[in-house]
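> Attaching a predicted model along with its sequence, questions to come.
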Amino acid sequence: VLATDRPADFFGANNLPSGLSLDSSSGIIYGNPSEIGDFYSEIESSNFAGSQIQSVTFQVRSFSDWPFSLSLSFDGYQEPVTVNNIPVYVELNSSISGFSYEQFSSVWGHDLRFLTADGSRELKYEVVNWDPLGTSSFWVLLPELNATTSIVAVWGNPSVSEQPDYCKNGSVWSKYRGVWHMDEKRNDLIIDSRGSFHATPNNFDTLRVTGLMGSALNFDGENDYLNMALDSHPPDGTNQLTISFWTYGRFQSLVNSTLFESGSSLGRHLNVHFPWSNSRFYWDAGAGTYDRLEKEDASYLNQWIFWTLQKEVDLGVMRIFKNGDLFAEAFNRTRPIGGGVDLCKVGSARTGGLWWKGWLDEFRIGLFVEDPNTIKAHYLSQKPGAVEDFIIKSTVEGPPIIVKSQLAEGYANDASRTFSYFIET
């Protein structure tokens, strides 16, 4: 039904997709589209005061040519609220009943698509890793997540050989300033999936280890650090800030350390000490002069912890969330944040020293204040064990395929030895 901001008594349309019609009285568009594509129509609405014309885009899609499908439900999310536009981590491998890489028409998996449960909407996703000999992983952007959400993965269309643009242009992460997964194979850059704010690793002997979602960076606590792209830093005038990341501390004892720090000639801008020798977590944000939020936390060793740090200048609020729950909060913290910096490092103080030791995964910066429900959903979908427990996968549906490289052997011209072979599918 066409929506208007006041009553209308007549509707008209030009260039509707073939197979669709418009009821001029009710504004209901109905029918069955017979062509696939994007259609640009003009819709007119009228009443006694006159008429207005608006352009409307109809996107008509069909996934009937994708023969294989898999339903995924998010049973690990049982919170009583719905969160919107959240990326979730998904893995595919041979442990899924009926799944085989031989079902894909592209050897690179370019025919893979994720859809809403009713198949009406294609979902953006980013490839973390494609491994036809093992586990392939993806970040899929869900329009909403609640206790009943499910989606569908489809593949096997022989006419599709190109990967969608959204897999490569960062649109999965459009709301963020920067997103660093730590998963790329190269050792000279840590890629920003949102755009081009790539970081440069320095002095690492072993750069990566197995992380929660793909790989994590391995800081040795001696001289390893990342030089972050200076433009990834919150710009001047930033009012809202959310920074999130996973840590796995590996210190032998409590020492003074810096997880990250940025600064300019004015002084410190952003900073996290964790741990410090007094077993406290420090979160600093400002521009030369800075506000601080701190709290004691002894659980800095040998466990994955999900941290979310926030500051909202206008409201004067700073927050720390730990594993999806509010850990610390303070008010009257109104010093401005952002502005140009000349140093921004992860793994040490901005000028070096105070080396951090441990593993770091999934570092994100957003110029917004994430709501607590979404922070909790991020934690539940990424925490240790979530790959197995958060998403329930059905049996793959689709036609049988004949397994490749089968060899059938027998004897010729020997009546006593009959031939029989069971074809594997």
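Okay, I see it. Owing to the predicted nature of the structure, the values given are computational and were not obtained by experimental measurement.

> rest of the way, CA atoms for contacts and neighbours
Will do.

> Please enumerate the strands of the stretch 201-350 of the chain.
Under the criterion DSSP state E, counting those that start in this stretch, strands of the stretch 201-350 of the chain are mapped to 208-210, 215-220, 225-227, 240-249, 260-264, 267-273, 280-296, 304-312, 317-322, 325-330, 343-346.

> Quick check: bridge partners of Asn14?
On the basis of DSSP bridges, Asn14 is bridged to Glu42.

> and it, what does it touch?
By CA atoms under 8 Å, 6 or more residues apart in numbering, the residues touching Asn14 are 41-43.

> ok, it to Arg6 distance?
22 Å (CA to CA, to the nearest Å).

> So which residues of this structure form helices?
With DSSP state H as the criterion, the chain has helices at 372-382, 386-389.

> Find the nearest non-adjacent residue to the residue nearest to the spatial centre of the chain, please.
The residue lying closest to the centre of the chain (CA atoms, centre = their mean) is Pro87, at 3.5 Å. With CA to CA, 6 or more residues apart in numbering as the criterion, Pro87 has its nearest non-adjacent residue at 4.1 Å, and that residue is Leu141.

> looking at the protein, which helix or strand is least sure?
The weakest-scoring helix or strand in the chain, judged by mean pLDDT, DSSP states H and E, is strand 50-60 (a mean of 84).

> how about the CA coordinates for that strand, as PDB?
Extracted as PDB, the C-alpha positions of strand 50-60 are listed here (Å, rounded to 0.1, in the frame of the first residue of the first chain):
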ATOM      1  CA  GLY A  50      -3.700  19.100  -6.100                       C
ATOM      2  CA  SER A  51      -1.300  16.300  -6.900                       C
ATOM      3  CA  GLN A  52       2.300  15.300  -6.300                       C
ATOM      4  CA  ILE A  53       4.600  13.000  -8.200                       C
ATOM      5  CA  GLN A  54       7.400  11.000  -6.600                       C
ATOM      6  CA  SER A  55      10.000   8.700  -8.100                       C
ATOM      7  CA  VAL A  56       9.900   5.100  -6.700                       C
ATOM      8  CA  THR A  57      12.500   2.400  -7.400                       C
ATOM      9  CA  PHE A  58      11.200  -1.200  -7.500                       C
ATOM     10  CA  GLN A  59      13.900  -3.900  -7.100                       C
ATOM     11  CA  VAL A  60      12.600  -7.200  -8.400                       C
END
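
> Show me what that strand pairs with in its sheet, parallel or antiparallel.
Applying DSSP bridges, one finds strand 50-60 paired with strand 37-47 (antiparallel).

> What average pLDDT does the strand it pairs with get?
Strand 37-47 shows a mean pLDDT of 87.

> any idea how far it is from the chain center?
Here the centre of strand 37-47 is set off from its chain's centre by 34 Å, with CA atoms, centre = their mean, to the nearest Å.

> Same question for stretch 295-305.
With CA atoms, centre = their mean, you get 25 Å for stretch 295-305.

> For that stretch, which outside residues touch it?
246-251, 274-275, 278-282, 322-323, 328, 383-384.

> Tell me who's in contact with the residue nearest to the centre of the chain.
139-142, 172.

> any idea which of the residues you listed is closest to Val160?
Val160 lies nearest to Val140 out of the contacts of Pro87, by CA to CA, at 19.6 Å.

> wait, that closest one sits on Tyr125?
Yes - assessed by CA atoms under 8 Å, Val140 is found in contact with Tyr125 at 4.3 Å.

> Now Gly324: closest residue in space that isn't a chain neighbour?
Distances taken as CA to CA, 6+ apart put Lys376 closest to Gly324, at 4.1 Å, once the chain neighbours are dropped.

> pLDDT score for that neighbour?
98.

> Ok, Glu184 next?
Residue-level pLDDT assigned to Glu184 equals 83.

> next one: the one 4 residues further on
What the model reports for Asp188 is a pLDDT of 95.

> cool, and the one 10 residues further on?
Residue-level confidence at His198 comes out at 97, pLDDT.

> How many neighbouring residues does the closest residue in space to Ser244 that isn't next to it in sequence have?
Counting by CA to CA, 6+ apart, Thr308 is the residue found nearest to Ser244 once chain neighbours are left out, at 4.3 Å. As a burial measure, Thr308 scores 26 neighbours (other CA atoms under 10 Å).

> residues in contact with Thr308?
242-245, 320-322, 324, 375.

> What about the residues you listed, which one has the most neighbours?
In the contacts of Thr308, the most neighbours by other CA under 10 Å go to Ile320, 26 neighbours.

> and the gap between Val81 and Val90?
22 Å.

> Those two: which is more packed in?
Here Val81 and Val90 are compared on neighbour count by other CA under 10 Å; more neighbours surround Val90, at 22 against 12.

> Touching, the more buried one and Phe138? I think so.
Yes - using CA under 8 Å, Val90 is in contact with Phe138, at 5.2 Å.
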